[in-house]
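# Kindly return the folded structure for what I paste below:
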Amino acid sequence: MDAYYAVIFTNLQTKEVEGYIEMAQKMEELASKQPGFIDFEHAREELAITISYWKSLEAIANWKANLDHLDAQRRGKQQWYQWYKVRICKVEREYEFSKG
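Residues are numbered from 1 along each chain as shown. Model prediction:
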């Protein structure tokens, strides 16, 4: 596989969770339809980590500028997150193990 990019979104959530799961599902569905999208992985507890994978930096920038995504970002800052951090990394190699 060619090199690709990972956007790692780590956040500490507030106690306010109303609408969060629905918005997260909507954003995953919307992101999966964006050109250059590859995949998602996430773990959601008090400290949540979502990793999305993209073919290019341009695809990431287009996703960041998506109007629905901008609305979700605004609501996250106002309602759902105490803090968050975004890291963008280039994945040059991958490998995996599966017992199956």
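# what about the longest helix in the chain?
Among the elements of the chain assigned as helix by DSSP state H, the one spanning the most residues is helix 20-32.
# contacting residues around that one?
Taking CB atoms under 8 Å, 6 or more residues apart in numbering as the criterion, the residues outside helix 20-32 that touch it are 13, 37, 40, 42, 44, 50, 52, 63, 66, 68-69, 72, 75, 79-80. For every residue, glycine as well, the C-beta is placed using N, CA and C.
# make it 10 Å
Counting by CB atoms under 10 Å, 6 or more residues apart in numbering, the neighbours of helix 20-32 from elsewhere in the structure are 7, 13-14, 19, 37-40, 42, 44, 48, 50, 52, 54, 59, 63, 66, 68-69, 71-73, 75-76, 79-81.
# Stretch 58-65 too?
Outside stretch 58-65, the residues that touch it by CB under 10 Å, 6+ apart are 4-7, 27, 30-31, 34-38, 52-54, 56, 69-70, 73, 86, 88.
# Quick one: end-to-end distance for stretch 50-63.
Its first and final residues considered, stretch 50-63 spans 15 Å by CA to CA, to the nearest Å.
# try stretch 91-99
Counting by CA to CA, the length from the leading to the trailing residue of stretch 91-99 is 24 Å.
# Tell me how many other residues crowd Trp83.
Residue neighbour count, defined by other CB atoms under 10 Å, stands at 10 for Trp83.
# Now do it against Ala48, distance only.
Shown here: Trp83 relative to Ala48, a distance of 11 Å by CB to CB, to the nearest Å.
# quick one: common contacting residues for the two?
Thr10, Asn11, Leu12, Gln13.
# The second one is in contact with Tyr84, isn't it?
Yes. Under the criterion of CB atoms under 10 Å, Asn11 is in contact with Tyr84, at a separation of 3.7 Å.
# Cool, thanks, signing off.
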